[in-house]
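Chemist: Below: sequence and its predicted model.
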Amino acid sequence: MKISKNQFSNEEVVLDFHEYEACEFTNCRFVVLGYGPFVLKQCEVVNCEFTFAGPAASTIQTMSTIYHSLGDQGKQLIEGTFASIRNAPTPPQA
C-alpha cells in the first residue's frame, strides 16, 4: 500500500508491505515483521525507533546466537554479513 505526504506522531507504524513517500514521522515506533518489503522514500524521521517482531525478530536472534556461540568463526560470519550490507548498492526506489 502506498502512503504519501502523511504525518505520523506518537504511533506504532508497521512497515511490511507499505511504501511511505514524503511522509513525516515523529516519536514513532517502526515495526518490521519480516513478511514483506517496505519503502521509506524522502521521509523525515524524528526521534523514532525500529523494533523487530515475528520472522524479523527470529532472524536477529539467530544472528545473535551465531555471533556469540560460534567463536571467531561466528563473529566473522556476522561481521561479513554486515560488510555485505554496507557495500551493497542502494536498492531502487519505487
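Modeler: On my side now, so go ahead.

Chemist: what about the protein, any weak spots by pLDDT?
Modeler: 91-94 (pLDDT under 70).

Chemist: domain parsing for it?
Modeler: 1-52, 55-87 (automatic domain parsing).

Chemist: Single out the most deeply packed of the ones you listed.
Modeler: Of all these, domain 1-52 has the most neighbours on average by mean count of other CB atoms under 10 Å, namely a mean of 14. (Glycine included, C-beta is placed from N, CA and C.)

Chemist: end-to-end on that one?
Modeler: Length of domain 1-52, first residue to last, CA to CA, to the nearest Å: 20 Å.

Chemist: same check, this time on stretch 13-31
Modeler: With CA to CA as the measure, what separates the two termini of stretch 13-31 is 6 Å.

Chemist: All the helices of the chain, residue numbers only.
Modeler: 54-69, 71-87 (DSSP state H).

Chemist: Name the residues linked to the spatially most central residue of the chain by a beta bridge.
Modeler: Residue closest to the average C-alpha location in the chain (CA atoms, centre = their mean): Val32, at 5.8 Å. Residues in a beta bridge with Val32, per DSSP bridges, are Phe52.

Chemist: shouldn't it be in contact with Ser58?
Modeler: No: taking CB atoms under 8 Å as the definition, Val32 is not a contact partner of Ser58, at 11.8 Å.

Chemist: Leaving out sequence neighbours, find the closest residue to Pro55.
Modeler: Leaving aside its sequence neighbours, Pro55 sits nearest to Gly34 (CB to CB, 6 or more residues apart in numbering; 3.6 Å).

Chemist: quick one: contacts for the one you found?
Modeler: If you count contacts by CB atoms under 8 Å, 6 or more residues apart in numbering, Gly34 has them with Asp16, Phe52, Gly54, Pro55, Ala56, Ala57, Ser58, Thr59.
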